[in-house]
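# fold the following, please.
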Amino acid sequence: MIANASRNKALNSYQREAILSASPARLVTMLYDRLMLDLARAEAAQNANEWGTASENLLHAQDIINELAGSLQVELWDGADQLLGIYNYAGTALMNANIHRNPALTRACIEILAPLQLSWHEAAAIPSAHGTLEGVHSS
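Model prediction:
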């Protein structure tokens with residue numbers, strides 16, 4: 001029991017340090033990775049009629065969507081308004097997926113957001129003069 005607590009404390013410390021030391025581009029990809037994990041878990045739980053688990057994951061996914069939308073710098077990038085629209089749609093769809101226990105809405109969000117996840121990973125891999133995705137998301 002004590003060994004597990006020590007192991008969990010060490011893991012939490014490692015994860016916290018990884019987040020604190022990540023570049024803004026890496027933070028966005030980390031958020032997308034967790035978002036997609038939450039959506040996959042939520043969809044699986046919805047399909048298994050495990051509504052508590054589904055709700056927990058959908059709520060966390062909504063939190064991530066809100067963080068992405070809140071960090072978007074719409075004044076610095078021409079495509080930001082469209083991306084904000086996608087975030088707003090996804091947030092509303094996930095709320096409805098949770099309220100109405102509708103896995104089709106969760107699946108629709110996965111299909112919309114998966115290409116964005118891939119694009120963010122590709123963009124983060126491109127070296128830039130500042131090492132960031134300037135003008136898109138703030139840190």
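# and the gap between Arg26 and Asn57?
Using C-beta to C-beta, to the nearest Å, Arg26 is found at 23 Å from Asn57. Every C-beta, even on glycine, is put in place using the N, C-alpha and C of the backbone.
# an error on my part: the question was meant for Cys109.
According to C-beta to C-beta, Cys109 and Asn57 sit 12 Å apart.
# Val28 too?
Distance from Val28 to Asn57, by C-beta to C-beta: 20 Å.
# and Asp63, by the same measure?
According to C-beta to C-beta, Asp63 stands 11 Å off from Asn57.
# when these two are compared, which one has more neighbours?
Comparing Asp63 with Asn57 by neighbour count (other C-beta atoms under 10 Å), the higher total belongs to Asn57, at 24 against 15.
# what sits against the more buried one?
By C-beta atoms under 8 Å, 6 or more residues apart in numbering, Asn57 lies in contact with 38-39, 41-42, 45.
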